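Asker: Give me a model of this one.
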Amino acid sequence: MKKITKKTYLDWYENMYFWRKFEDKLAQVYIKQKVRGFLHLYNGQEAILAGALHVMDLTKDKMITAYRNHVQPIGMGVDPKRVMAELYGKSTGTSQGLGGSMHIFSKEHRFYGGHGIVGGQIPLGAGLAFADKYFKRDAVTLTFMGDGAMRQGSLHETMNLAMLWKLPVVFCVENNGYAMGTSVERTSNHTELWKMGLAYDMPCKPIDGMNPETVAEALDEAIKRARKGDGPTFLEIRTYRYRGHSMSDAQHYRTKKEVADKQEEDPITYVKNVILDKKYATQTQLDEIDKRVKELVSECEKFAEDSPYPEKSLMYDAVYEQEDYPFLSHKL
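Answerer: Predicted structure coming up:
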């Protein structure tokens, strides 16, 4: 595995703190109705992305996930201004404002969404891996999902084929404890989700998702295995989300104390403490990072605010390939 150094920790801190503040800003503008529809935030789960990016080869590896998908494309290299613009529904967004919160996408940076259907991305992730194996591209696809997706039949169908064909894919369930407002305990006869891999003789294990080092170590092993042609791995990455399932979630299913207790394990605080304990940086230097992050978030907000909405004709162009499509009742 690529060595974890002082620079790694400083990069982790700046990136994770930026992702958190970026989404905090989204929550603010959502209340002002500048971002519409659903909004699923990643607060608390940032260590997973940080650890994954450390061991991925961003020149060829791919990532696909569900609808909690705003910061992953940023980590993969997408301009955060374009991500925020997409959430605003503006023409400068990653999908020209037509996808919105749940459908961030960038083929250029090998980020394949952003999917609103629970578990819908799982077979697609295996499909991307199948293509890479078929064309001998030496790439690995990280396929992320929430714990609620464990109830989808497509997961099991995909796992079976992935093992049968030894696909270069890593399945990662981000187990934050709740599928919307329903706890894992209420939906599964066991809470050790990683054991689902045993049915397919797939290498599998649980890992601490609040620590980027443990995530990096487990994913490094899984990615190397996939790249060698030995097939998939299934990881249960145990994490916690500090905000509700979406912005409309009243969170009646958990107590404030539970959330407060889990915030003691905040992955950003953990990284910050390592930096200070090992004297990688002083508090003053971290304050400079904080200032830089907040300035970048403000730039993203201004870019989204100032960008134009897409022309209405674009919606038709994106849906209808045939210009004289017979069911169009009027010309634009």
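
Asker: Residue 314 - nearest residue in space that isn't next to it in sequence?
Answerer: If the residues on either side of it in the chain are set aside, residue 314 comes closest to residue 96, at 6.2 Å by CB to CB, 6 or more residues apart in numbering. All C-beta spots, glycine's among them, are computed from the backbone N, C-alpha and C.

Asker: what's next to stretch 279-291, contact-wise?
Answerer: Stretch 279-291 is contacted from outside by 6, 9, 10, 13, 14, 17, 272, 274, 275, 276, using CB atoms under 8 Å, 6 or more residues apart in numbering.

Asker: just to revisit the earlier point, neighbours of the residue nearest to residue 314, how many?
Answerer: 20 (other CB atoms under 10 Å).

Asker: OK, contacts around it?
Answerer: Applying CB under 8 Å, 6+ apart to residue 96 gives the contacts 310, 314, 318.

Asker: so what pLDDT did it get?
Answerer: Looking at residue 96, its pLDDT stands at 94.

Asker: Look up how far residue 268 lies from it.
Answerer: Going from residue 96 to residue 268 by CB to CB, to the nearest Å gives 32 Å.

Asker: try residue 237
Answerer: If you go by CB to CB, the gap between residue 237 and residue 268 works out to 17 Å.

Asker: More neighbours: which of those two?
Answerer: The residue with more neighbours, out of residue 237 and residue 268, is residue 237; 26 against 20, by other CB under 10 Å.

Asker: chain center to the helix or strand encompassing residue 293: distance?
Answerer: Assignment of secondary structure by DSSP states H and E places residue 293 within helix 283-306. Relative to the mean C-alpha coordinate of its chain, helix 283-306 is positioned 21 Å out (CA atoms, centre = their mean, to the nearest Å).

Asker: mind checking how far the helix or strand that comes right after it is from the chain centre?
Answerer: Counting by DSSP H and E, the next helix or strand C-terminal to helix 283-306 is helix 312-319. Distance, stretch centre to chain centre, for helix 312-319: 28 Å (CA atoms, centre = their mean).

Asker: for stretch 153-162, same thing?
Answerer: The answer for stretch 153-162 is 21 Å, by CA atoms, centre = their mean.

Asker: Same check on stretch 171-187?
Answerer: 15 Å.

Asker: how about low-confidence regions in the stretch 101-250 of the chain?
Answerer: Scanning the stretch 101-250 of the chain for pLDDT under 70 picks out no residues.

Asker: for it, what spans make up the strands?
Answerer: Secondary structure of the stretch 101-250 of the chain (DSSP state E, counting those that start in this stretch): strands at 141-146, 169-175, 178-179, 182-183, 204-208, 233-238.

Asker: Relative to residue 226, which of those is closest?
Answerer: strand 169-175 (6.0 Å; CB to CB).

Asker: For that closest one, which strands pair with it and how are they oriented?
Answerer: strand 141-146 (parallel), strand 233-238 (parallel) (DSSP bridges).

Asker: how about these in JSON lines, adding distance to residue 113?
Answerer: What follows is the strands paired with strand 169-175, written out as JSON lines (distance: least, CB to CB, whole Å):
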{"stretch": "strand 141-146", "distance to residue 113": "11"}
{"stretch": "strand 233-238", "distance to residue 113": "19"}
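
Asker: out of the ones you listed, nearest to residue 86?
Answerer: So among the strands paired with strand 169-175, strand 141-146 is nearest, using CB to CB, at 19.0 Å.

Asker: and that closest one, C-alpha only, in PDB?
Answerer: In PDB, the C-alpha atoms belonging to strand 141-146 read as follows (Å, rounded to 0.1, in the frame of the first residue of the first chain):
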ATOM      1  CA  THR A 141     -14.500  -0.700  -9.900                       C
ATOM      2  CA  LEU A 142     -15.500   0.200  -6.400                       C
ATOM      3  CA  THR A 143     -19.200  -0.300  -6.000                       C
ATOM      4  CA  PHE A 144     -20.700   1.400  -3.000                       C
ATOM      5  CA  MET A 145     -24.100   0.900  -1.500                       C
ATOM      6  CA  GLY A 146     -26.100   1.500   1.700                       C
END
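
Asker: quick one: the helices in the chain?
Answerer: 6-31, 46-55, 71-76, 80-87, 121-134, 153-164, 212-227, 256-263, 267-277, 283-306, 312-319 (DSSP state H).

Asker: Good, we can wrap up now.
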